[in-house]
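> Fold the following, please.
(one chain, ligands or ions: 2)
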Amino acid sequence: MAAPRNIQNSSLGAQVSYSPNLSVSPTATFHSPPASGSFMASLAQRAAAKQLKPFNTEDIKILLLENVNQTGIDILKNQGYQVEFQKASLPEDQLIEKIRDVHVIGIRSKTKLTEKVLREAKNLLVIGCFCIGTNQVDLEYAAKQGIAVFNSPFANSRSVAELVIAEIITLARQLGDRSNEMHRGTWNKVSAKCWEVRGKTLGIVGYGHIGSQLSVLAEAMGMSVIYYDVVSLMAIGTARQVPTLEALLQEADFVSLHVPETPETKNMVSNKQFEQMKNGSYLINASRGTVVDIPALVKAMRAGKVAGAALDVYPNEPAGNGDYFTSDLNHWAEELRTLNNIILTPHIGGSTEEAQRAIGVEVADALVRYINQGTTLGSVNLPEVNMRSLTLDEPNHARIIYIHRNVPGVLRRVNEVLGDHNVDKQISDSKGDIAYLLADVSDVKPDDIKEIRDNLEALSSRILTRVLY
Ligand SMILES: NC(=O)C1=CN([C@@H]2O[C@H](COP(=O)(O)OP(=O)(O)OC[C@H]3O[C@@H](n4cnc5c(N)ncnc54)[C@H](O)[C@@H]3O)[C@@H](O)[C@H]2O)C=CC1
Ligand SMILES: O=C(O)C(=O)COP(=O)(O)O
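Numbers count the residues shown, from 1 in each chain. Ligands and ions are numbered 1, 2, ... in the order given. Sure, this is the predicted structure:
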């Protein structure tokens, strides 16, 4: 039987691990970085933090889907949580069955946590997206249910940028086609329409974490970089922001897309945009499958307008590995496969050992901090609230977490509930309609804790109450 959603578990000290060193050789064993000044300082802080054995930690049930990295599994298991791991994603009906029972779910880009699925997630406290994108989660609905969502905002951005660099040269030299021919036994030594990338213009759409890293790498190869973004952003190196997507498409030899999946980016590159591109230019999409209108790309490639393309993402992607890239999944799949100079990869932009290990650590740490201490630093859908840990010399303190609707008068009522106790420290913040309050109350007995929780639960503004002690 699952524990109730306002599950109580004691506040652990900051028993979290530290960001891994990403600069490892392909064969190196993976280690945390050596102790630095700030690392030692945080160790000292940890020593002072309350290190209670979590009460009922084993009641925390976690479901990890989509082959989340072992680093993350280890961190969560070390906390004593019950962790179930699956390599693939789950179809909606199975996901609904499973999600009813768990307090935490860890996913990557494939698993869709829609309102329909989350409505069934009666025990869910927190979602960990072990990736950058969070478009697969209904963030607003989750927030309304008091379910926090965390991701890893940039641990795989370098990996994506490096893949794109590889693709730029691969497309310019038609390497995919030459290699396929050799695999079939055909020697086809040609130079027609094969180019150096030096001196060519790369147009980056979306100059965020990935786009800006790509900019630096491309300039190092002698490319000129222009970029288009909805916000005005400082150029790195000698890159130049252009005012419109059209201006970018008219000037770029290579166009690389790095925008999130939003209603505005759906089919952002379609027939009209292909017409605006230079003759013989190239398109790379490692963002989201919805950003490019694929039938329009097929048309532009058949017409010779686009000389090559690299796609890493697709509107429909399979739940696991296997022979699934067929027209059953996306109706144009077979047609796409017949085109020349097109690189098709199975959403591997962020799939390197370095990125996956770093993401595993970062997201698992955020989950542990949220479960054990209630801090929301890094949450993408709840206000970010942080408060220093309870310490060993505060054995009878309790931490109250009250997630509530952001309506007038709530704080007065909360403080009426807490008024008979000594509130050591308190912090609250709001994001849109949702507010998040943390309060540490000193010298409380189990009866006091029950009373505080029951009284907070009775307030009409309540979304979720948790008490850690
Ligand atoms: N292929 C893969 O394995 C991976 C794919 N991704 C995808 O790449 C996307 C970008 O990642 P980051 O660079 O980390 O995100 P980011 O949030 O750092 O940057 C995105 C940029 O796009 C801009 N933008 C948003 N809407 C736009 C619009 N309509 N037109 C022009 N610019 C717009 C934003 O202002 C921002 O500067 C992610 O959202 C994710 O979907 C991320 C990691 C791995
Ligand atoms: O980080 C992202 O947003 C990605 O697209 C990578 O997704 P993945 O972890 O490979 O499912």
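
> I'd guess residue 204 is in a strand, am I close?
Yes. Under DSSP: H, G, I helix; E, B strand; the rest coil, residue 204 falls within a strand.

> any idea how far it is from ligand 1?
Going from residue 204 to ligand 1 by CB to the nearest ligand atom, to the nearest Å gives 9 Å. C-beta coordinates here come from the backbone N, C-alpha and C atoms, glycine included.

> Show me what that residue is bridged to.
Beta-bridge partners recorded for residue 204 (DSSP bridges): residue 227, residue 256.

> I'd say it and residue 226 touch.
Yes. Here residue 204 reaches residue 226: they are 7.4 Å apart, a contact under CB atoms under 8 Å.

> Now the common contact residues for these two.
By CB atoms under 8 Å, 6 or more residues apart in numbering, residue 204 and residue 226 have these common neighbours: residue 239.

> If you count surrounding residues, which of these two has more?
The neighbour count for residue 204 versus residue 226, taken as other CB atoms under 10 Å, is higher for residue 204 (30 against 20).

> ok, residues contacting whichever strand or helix holds residue 177?
In the assignment (DSSP states H and E), residue 177 maps to helix 175-183. For helix 175-183, the surrounding residues in contact (CB under 8 Å, 6+ apart) are 169, 170, 187, 188, 340, 341, 342, 343.

> which among those residues end up buried?
Buried residues within the contacts of helix 175-183, defined by neighbour count using 16 or more other CB atoms under 10 Å: 170, 341, 342, 343.

> so can I have a markdown table of the contacts of helix 175-183 showing distance to residue 431, pLDDT and secondary structure?
Output for these, formatted as a markdown table (distance: CB to CB, whole Å; pLDDT from 0 to 100; DSSP: H, G, I helix; E, B strand; the rest coil):
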| residue | distance to residue 431 | pLDDT | secondary structure |
| --- | --- | --- | --- |
| 169 | 43 | 98 | helix |
| 170 | 42 | 98 | helix |
| 187 | 61 | 98 | coil |
| 188 | 57 | 98 | coil |
| 340 | 49 | 97 | coil |
| 341 | 46 | 98 | coil |
| 342 | 42 | 98 | strand |
| 343 | 40 | 98 | strand |
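
> Which single one of the residues you listed is nearest to ligand 2?
residue 343 (16.8 Å; CB to the nearest ligand atom).

> who's in contact with the closest one?
Contacts for residue 343 (CB under 8 Å, 6+ apart) come out as 167, 170, 171, 176, 308, 309, 310, 311.

> Tell me the one among those residues nearest to residue 125.
Distance to residue 125, by CB to CB, is smallest for residue 311 among the contacts of residue 343, at 36.4 Å.

> just the buried ones among the contacts of helix 175-183 now: which is nearest ligand 1?
For these, the minimum distance to ligand 1 (CB to the nearest ligand atom) is 12.8 Å, reached by residue 343.

> got the buried residues for stretch 74-83?
Neighbour counts using 16+ other CB under 10 Å place 75, 76, 79, 80, 81, 82, 83 of stretch 74-83 among the buried residues.

> what are the ranges of the strands in the stretch 351-469 of the chain?
With strands called from DSSP state E, counting those that start in this stretch, the stretch 351-469 of the chain shows them at 398-405, 422-431, 434-442, 462-468.

> Check which helices and strands the first one sits against.
If I follow you right, that is strand 398-405. When contacts are defined as 3 or more CB pairs under 8 Å, 6 or more residues apart in numbering; DSSP states H and E, strand 398-405 packs onto helix 410-418, strand 434-442, helix 446-457, strand 462-468.

> what's the burial count for residue 178?
Close neighbours of residue 178, defined as other CB under 10 Å, add up to 18.

> TSV please, covering the contacts of residue 343 and showing distance to ligand 1 and secondary structure.
Compiled in TSV, the contacts of residue 343 are given as follows (distance: CB to the nearest ligand atom, whole Å; DSSP: H, G, I helix; E, B strand; the rest coil):
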residue	distance to ligand 1	secondary structure
167	11	helix
170	16	helix
171	16	helix
176	18	helix
308	18	strand
309	15	strand
310	11	strand
311	10	strand
